[in-house]
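Trainee: build the 3D model from these lines:
(chains A and B)
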Amino acid sequence: MKTLLRGRWGTAAGFLLGAALLLGVAPAVLPAFNLGLLGKFLCFAIVAVGIGLAWGRGGMLTLGQGVFFGLGAYIMAMHMKLADASLFGGSGVPDFMSLYGSGQVPGWWEPFRSPAVTLLAVVLVPGLVALVLGLAIFKRRVKGAYFAILSQALAAAFAVFLIGQQATTGGSNGLNGFRSFFGFDLKDPNNKVMLYMIAAVVLLLSLALARQLMHSRFGELLVAVRDQEERVRFLGYDPATVKTVIYVVAAVLAGVAGALFVPLVGIISPADVGVIPSIAFLIGVAIGGRATLLGPVLGAVGVAAAQSSLSSTFPSFWVYFQGLLFVLVIGFMPGGLASLPALVRLRRRTPAGAPQPKAATAPAPDQSPPAPEALSPETPKPGVQDRAAAPEEVSR
Amino acid sequence: MSTPTLLPEGEPQAGGLRRGRPKYLEVRDLSVSFDGFRAVDGVNLDVIQGDLRFLIGPNGAGKTTVIDAITGLVPATGSVNHTGTEILGRKVHQIARLGVGRTFQTASVFENLSVLQNLDIAAGSGRGPLQMLRRRKSIEPAVEEALEIIGLEGAAGKQAGILAHGQKQWLEIGMLLVQNSDVLLLDEPIAGMSQDEREETGALLRRIAASRITLVIEHDMDFVREFATSVSVLAAGKVLSEGSVAQVQADPKVQEVYLGTSGTEGH
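Mentor: Have a look, this model is predicted:
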């Protein structure tokens, strides 16, 4: 009862504390430039929440979240370009199209003139793409490294596609030079604070969503699928459905994050959605602790902050540092930094030399001789089973 | 929802239920080939609800493959009929939803989840999306009953990974119970168990088998003799003999397979 109470109030208090820090303290103390940077990091953190669910809880190494991030970002960017063109140019044709293209707005851009369609598409397009991909991949039982390679190839293909479409997606320059966001002037500092606030609120909401998913029955099933996918089938579940659901959730979070990234940062280009950014999304999650709720968020913000400060001081050094960090965490702390408290607690509880607890019901090696009967030609292999069970007893 | 009664009245008996219209598992001409090698070669099996059937046979006889084929894990030809429904050719999870459950030689519970969570997942394949997205607040009556039947009510909150080997097997049997399987296919449930655990497992099987179709793969003949109501002997992918323990033991064909001699042993 006590733990339940503490758990519930602890969560509420933690959530409020987070909200106060993000929505109250940060805008008050941070200069405008740094607040904008933090807003960008929060976008990465939203992607990280999704990766934490799909990878940490669902066991899917999503190396291609840049695709969904990019879909959300480009949809938002297209809307903002069209809106700018109508507001400031009058012609309704985005500037770069007149420069590189025919000066005509392609038909598939047109729906994104509407703010409502844009907002819906930011959620629906990444979600639907993930649904189709997920069903195609998981129903075919593609998993593990093959899934990771496939998702990474998608990110690479997506970036190559964007670069090739100079006239309609801005090619490797991407889309940039935005001046307004749903009618708000992007030069106005107050509007910049508002954008940051939106990102912070979306992050808090996605954390609440992730927490609900983790603690629901679905979350328990997800862990079961992660650990023993084949076993779950024999209980009457199709693991492909379970994995697709969480893959879609992660994709939608990435898409929304991409849509917020565009007005905050002011540019989206293939360099923000390809293989390297897709891997970068992952590093923060791994370092923070992929299976926990807050680990991915803190990891993503921490790594992004370190990157932006270190890479300006030691430009060539950052890549090595990032790689080293990744190797160290994966090698020595697979649970990420979030597992540190638990490791310390475990150390403290079992001081060196203390007798290891051993369950009384541990299977005794049963070497009772087989009955000398006609039907007992083979002894069961209890020895093998016992040895398999033993390490778990000792490691406690 | 009425209170579930996972425990039937009475004991299993040879030939199964005698009254009413018992459920059945009817296996006809079941064959499984691996690269041309026929691991299971035209197996016929009939198990009636209320029978506690043991499937025995030498190593490599194809016992586990029979269960794999019935549960959809390996492709097979022939027919497996569960009380009027053909289950062969369906997907694993569909077969499970039709009430065919199994355990594995090496206990495969979800080690990172608690005993309670394991059972709750097993009980839940019929849940709707809204129910799935909510938190598990109370213990379902069936889960509670299963905990009691398998003797793990004291370990409900424990992580399944730290259970003793025997307890894991019991947890798997409990998962079959809450899964609401009419067909229980148990692959060497007592392998690696201590003598006490074997006795308890046997008693557990006797308690649950009277209302179910139960097929147990086993090697330990003492165990078979003590708890089986009927036995099928499998050798080289074929059913060699069927009947009570005494009957199959007296069968010269069985003795030949087990001893490599024709039945010259005095009985």
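Trainee: mind checking the SS state of the residue positioned nearest the centre of chain A?
Mentor: Chain A has A:Ile51 as the residue nearest its centroid, 2.3 Å off, counting by C-alpha atoms, centre = their mean. Using DSSP: H, G, I helix; E, B strand; the rest coil, the structure places A:Ile51 in helix.
Trainee: for it, give me its contacts.
Mentor: A:Thr62, A:Gln65, A:Ala250, A:Phe281, A:Leu282, A:Val285, A:Arg290, A:Pro296 (C-beta atoms under 8 Å, 6 or more residues apart in numbering or on different chains). Quick note: C-beta positions are derived from backbone N, CA and C, even for glycine.
Trainee: so B:Gly101 belongs to a helix, correct?
Mentor: No. Using three-state DSSP, the assignment for B:Gly101 is strand, not a helix.
Trainee: correct me, but it touches B:Leu176?
Mentor: Yes. Using C-beta atoms under 8 Å, B:Gly101 is in contact with B:Leu176, at 4.1 Å.
Trainee: overlap in contacts, those two.
Mentor: Common neighbours of B:Gly101 and B:Leu176 (C-beta under 8 Å, 6+ apart) are B:Leu184.
Trainee: any weak-confidence spans in the chain?
Mentor: Assuming you mean chain A. Scanning chain A for pLDDT under 70 picks out the ranges A:1-7, A:349-396.
Trainee: my question was about chain B, not that one.
Mentor: Checking chain B against pLDDT under 70 turns up B:1-4, B:259-267.
Trainee: looking at it, which residue is nearest chain A?
Mentor: Residue nearest to chain A within chain B: B:Gly192 (2.6 Å; C-beta to the nearest C-beta).
Trainee: distance check, that residue against B:Ala164.
Mentor: As judged by C-beta to C-beta, to the nearest Å, B:Gly192 and B:Ala164 stand 10 Å apart.
Trainee: neighbour-wise, which of those two wins?
Mentor: B:Gly192 (26 against 20; other C-beta atoms under 10 Å in any protein chain shown).
Trainee: tell me the contacts of B:Gln247?
Mentor: For B:Gln247, the contact set (C-beta under 8 Å, 6+ apart) comprises B:Val231, B:Ser241.
Trainee: now it: which helix or strand?
Mentor: Using DSSP states H and E, B:Gln247 sits in helix B:245-250.
Trainee: B:Lys238 - how many residues pack around it?
Mentor: So B:Lys238, with other C-beta under 10 Å, has 16 neighbours.
Trainee: looking at the sheet around it, what are its partners?
Mentor: B:Ala235 (DSSP bridges).
Trainee: isn't it up against B:Gly42?
Mentor: Yes. Taking C-beta under 8 Å as the definition, B:Lys238 is a contact partner of B:Gly42 at 6.5 Å.
Trainee: ok, and the closest non-adjacent residue to the residue in the stretch 1-150 of chain A that chain B sits nearest to?
Mentor: Residue of the stretch 1-150 of chain A nearest chain B, by C-beta to the nearest C-beta: A:Lys139 (10.0 Å). With C-beta to C-beta, 6 or more residues apart in numbering or on different chains as the criterion, A:Lys139 has its nearest non-adjacent residue at 4.6 Å, and that residue is A:Ala240.
Trainee: elements contacting the helix or strand containing that neighbour?
Mentor: For A:Ala240, the host element (DSSP H and E) is helix A:239-265. For helix A:239-265, the packing partners by 3 or more C-beta pairs under 8 Å, 6 or more residues apart in numbering or on different chains; DSSP states H and E come out as helix A:32-51, helix A:65-84, helix A:115-139, helix A:189-215, helix A:217-227, helix A:229-233, strand A:267-268.
Trainee: what would the ones you listed look like in CSV with distance to B:Asp51?
Mentor: Putting those into CSV (distance: least, C-beta to C-beta, whole Å) gives the following:
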stretch, distance to B:Asp51
helix A:32-51, 51
helix A:65-84, 53
helix A:115-139, 37
helix A:189-215, 43
helix A:217-227, 32
helix A:229-233, 27
strand A:267-268, 67
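Trainee: hey, which of those is tucked in deepest?
Mentor: Between the helices and strands packed on helix A:239-265, helix A:65-84 has the highest mean count of neighbours, a mean of 28, where neighbours are mean count of other C-beta atoms under 10 Å in any protein chain shown.
Trainee: helix, strand or coil for the residue in the stretch 101-250 of chain A that chain B sits nearest to?
Mentor: Nearest to chain B, among the residues of the stretch 101-250 of chain A, is A:Gly236, at 3.1 Å (C-beta to the nearest C-beta). At A:Gly236 the chain is in coil, as set by three-state DSSP.
Trainee: setting the sequence-adjacent residues aside, check what's closest to it.
Mentor: B:Ser125 (3.1 Å).
Trainee: distance of that neighbour from B:Leu119?
Mentor: In terms of C-beta to C-beta, B:Ser125 sits 13 Å off from B:Leu119.
Trainee: do the same with A:Phe178
Mentor: Distance from A:Phe178 to B:Leu119, by C-beta to C-beta: 54 Å.
Trainee: looking at those two, which is more packed in?
Mentor: B:Leu119 (29 against 20).
Trainee: that one against B:Leu176, yeah?
Mentor: No. Using C-beta under 8 Å, B:Leu119 is not in contact with B:Leu176; the gap is 10.3 Å.
Trainee: my guess is B:Glu172 contacts B:Gln105, does it?
Mentor: No. Using C-beta under 8 Å, B:Glu172 makes no contact with B:Gln105, being 10.8 Å away.
Trainee: from B:Gly243, how far out is the residue nearest to A:Lys139?
Mentor: Distance from A:Ala240 to B:Gly243, by C-beta to C-beta: 43 Å.
Trainee: pick out whichever of the two has more residues nearby.
Mentor: Per other C-beta under 10 Å, whichever of A:Ala240 and B:Gly243 has more neighbours is A:Ala240, with 22 against 16.
Trainee: show me what contacts that one?
Mentor: A:Gly134, A:Leu135, A:Phe138, A:Lys139, A:Arg141 are the contacts of A:Ala240 under C-beta under 8 Å, 6+ apart.
Trainee: between the two ends of stretch A:234-245, how far is it?
Mentor: 20 Å (C-alpha to C-alpha, to the nearest Å).
Trainee: name the SS class of A:Gly335, please.
Mentor: Quick answer, by three-state DSSP: A:Gly335 is coil.
Trainee: and it, how far is that from chain B?
Mentor: Distance, A:Gly335 to chain B, using C-beta to the nearest C-beta, to the nearest Å: 12 Å.
Trainee: repeat that for A:Gly302.
Mentor: Counting by C-beta to the nearest C-beta - A:Gly302 and chain B are separated by 26 Å.
Trainee: so which of the contacts of A:Ile51 wins on neighbours?
Mentor: Going by other C-beta under 10 Å, A:Pro296 tops the contacts of A:Ile51 with 35 neighbours.
Trainee: give me the distance between it and A:Gly14.
Mentor: Counting by C-beta to C-beta - A:Pro296 and A:Gly14 are separated by 15 Å.
Trainee: list the buried residues in stretch B:152-166.
Mentor: When burial is assessed from 16 or more other C-beta atoms under 10 Å in any protein chain shown, stretch B:152-166 yields the following buried residues: B:Leu152, B:Ala155, B:Ala156, B:Gln159, B:Ala160, B:Gly161, B:Ile162, B:Leu163, B:Ala164, B:His165, B:Gly166.
Trainee: you'd agree A:Arg113 is up against A:Ala85?
Mentor: No. Look at A:Arg113 against A:Ala85 with C-beta under 8 Å: they stay out of range, at 9.5 Å.
Trainee: which one of those two is surrounded by more residues?
Mentor: For A:Arg113 versus A:Ala85, neighbours defined as other C-beta under 10 Å are more numerous around A:Ala85 (19 against 16).
Trainee: contacts only, for the more buried one.
Mentor: Counting by C-beta under 8 Å, 6+ apart, A:Ala85 has contacts A:Ser91, A:Gly92, A:Val93, A:Pro94, A:Asp95.
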